[in-house]
Structure formats: structure tokens, C-alpha cells
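Participant: Here's my sequence, what's the structure:
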Amino acid sequence: MNKIPKQKNVLGEDIEPCSMNPITGWFRDGSCNTDKTDVGVHCVCAKVTNDFLNWCKENGNDLITPHPEFGFEGLKDGDNWCVCASWVKRAIDAGHGCKIYIRRTHMKTLEIIPMETLKKFAVDIS
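Facilitator: Numbering: from 1, shown residues only. Presented below is the predicted three-dimensional model:
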């Protein structure tokens, strides 16, 4: 696997890892790093909740069901995961947002979700 160069979070700092268990990220490197091939913009490090997961599943983004053929065990309440920024925005707009780790969220997220919104759900800054 190629080494991913250090990328920046929404604060302009080096992005921090999101989760190694389950291992997340577009590159499955544990961080919400991205590149131009990531059309889903898997850039928001979210601490998922049952409410968020069920809302996503009901709306066409099933993050619960395991898919071992892709090395995906399925998510459960409390897992950290690099979620598509558009899905996080939709969930927030629908009243089903979950906690977000700002220092682990890629700066590309700001093209989809304003910083003020991210801060309302942030667990790692005040």
C-alpha cells in the first residue's frame, strides 16, 4: 500500500486518525484522507449512533449490514467511521446528526458542511 501524504483537517492542522477498529477511511488507513477518486467524499470522522445508522439505512445508506466480501463488518452504536460528508449533512438537516471529531475530519468537508454546523456536533473542541 502506498503511503498517504499528510492531509489537513477542517482546522488546517494535520488530520488525526479516526479509527483502526473498525478500520476506516477511503484508503482503509484509519484516517479520513481523500483524493479525487473519492467521489463520495468519505471525510467526516463521526461517532455513529443507532439513530444515525438507522436513519441512514432507511434512506439508502446501509452502514449496519456486514459485507465481508469488502472487509466491512458493519457499524454499531459508538463506532468511529469516516462517513460521506453529504450523508452527514443530510442526517443533520433531518434531525439525526451524530457527534463529529473535528480534528479527524478532512478539510474537504468544508465544501459541503459549514464549520459552524460541524462545531455544533464536535466532541473534540469547545
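Participant: Quick one: residues contacting C84.
Facilitator: By C-beta atoms under 8 Å, 6 or more residues apart in numbering, C84 lies in contact with G40, V41, H42, C43, V44, N61. Just so you know, the C-beta spots here come from the backbone N, C-alpha and C atoms, and that holds for glycine as well.
Participant: let me fix that: C18
Facilitator: Neighbouring residues of C18 by C-beta under 8 Å, 6+ apart: T24, G25, G30, S31, C32, C45, N80, W81, C82, Y101, R104.
Participant: Which one of those residues is nearest to E111?
Facilitator: Comparing the contacts of C18 against E111 with C-beta to C-beta places C32 closest, at 13.8 Å.
Participant: Pull the number of nearby residues for the residue nearest to that closest one when sequence neighbours are not counted.
Facilitator: Excluding its sequence neighbours, the residue lying closest to C32 (C-beta to C-beta, 6 or more residues apart in numbering) is C82, at 4.0 Å. By other C-beta atoms under 10 Å, 29 other residues sit near C82.
Participant: Repeat that for V41.
Facilitator: Here the number of neighbours of V41 (other C-beta under 10 Å) works out to 22.
Participant: Next: the one 10 residues further on.
Facilitator: Using other C-beta under 10 Å, D51 is surrounded by 14 other residues.
Participant: The one 10 residues further on now?
Facilitator: The number of residues packed around N61, counting by other C-beta under 10 Å, is 17.
Participant: Provide a list of residues in contact with it.
Facilitator: Applying C-beta under 8 Å, 6+ apart, one finds that N61 lies in contact with C84, W87.
Participant: And M107, how close does it get to P17?
Facilitator: Remark: distance between M107 and P17 (C-beta to C-beta, to the nearest Å) = 16 Å.
Participant: For the contacts of C84, point out the one with the lowest pLDDT.
Facilitator: Ranked by pLDDT, the contacts of C84 bottom out at G40 (92).
Participant: what about G97, which helix or strand?
Facilitator: Following DSSP states H and E, there is no helix or strand that holds G97.
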